[in-house]
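Visitor: Please work out how this folds:
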Amino acid sequence: NLDLKNGVTDRFRSLPISRLAPLLGSVLADIVRYLLAVAILFAIGALLGFRVHGSLAAALAAAGLAILFGFCLSWVTVFIGVVVKDANAVLAFSFITFLPLQLGTSLAAPIRTLPGWLRAWADINPVTHVMDACRALLNGTPVGDTITTTLIWCAILVVMFCPLAIRAYSRQQ
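Guide: Next up, the predicted model:
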């Protein structure tokens, strides 16, 4: 959003690069940030006494799922950033969009203990499935269908928001 507003994108257009390179570069930079965040999270967890009870492959799969889901959500934020013109409005709209995803999950309490209306939301909330899959992988417990459901949600997010973000970005040019 700020790159479009401040003319950074106009400068990129003068270079002999793909028109989508700045957009794709931004999303790839997000992946690097997610890799670093997951590495720091594992390091701090280890310092605080957390131990992975699953295998190394399961821990890597959990990290991969978290990074993949972050990548998929990046397309949502890119779309919001391109479509919404004001940077403050982008923050507000992102907050309103992502708050229900963060709060209506199995993060703080098991889903079975939630009130009926919140349980219904938590059951379909993609963040719940990502957290449950990562939790099961790290604890060495059965994952059930949480990995499959997470991958389906990832596919839905990318199939929906990647083309929307690219189209909106192309229209800005």
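Visitor: Who are the contact partners of the spatially most central residue of the chain?
Guide: Closest residue to the average C-alpha location of the chain: Gly70 at 2.3 Å, with CA atoms, centre = their mean. By CB atoms under 8 Å, 6 or more residues apart in numbering, the contact list for Gly70 reads Asp30, Ile31, Tyr34. Using the backbone N, CA and C atoms, a C-beta is placed for each residue, glycine as well.
Visitor: low-scoring stretches of the protein, by residue?
Guide: 1-14, 16, 173 (pLDDT under 70).
Visitor: Would you map the helices across it?
Guide: Ranges of helices in the chain, per DSSP state H, are 2-6, 8-13, 21-47, 56-83, 87-103, 116-124, 126-139, 146-172.
Visitor: now for the ones you listed, which one comes closest to Ala109?
Guide: Nearest to Ala109 among those is helix 116-124 (9.3 Å), distances taken as CB to CB.
Visitor: Buried ones in that closest one, by neighbour count?
Guide: Leu118, Trp121, Ala122 (16 or more other CB atoms under 10 Å).
Visitor: Can you tell me which of those residues lies closest to Ala168?
Guide: Checking the buried residues of helix 116-124 against Ala168 by CB to CB gives Trp121 as the nearest, at 27.8 Å.
Visitor: what separates that closest one from Ile67, distance-wise?
Guide: Note on Trp121: its distance to Ile67, by CB to CB, to the nearest Å, is 25 Å.
Visitor: now Ile124
Guide: Distance, Ile124 to Ile67, using CB to CB: 22 Å.
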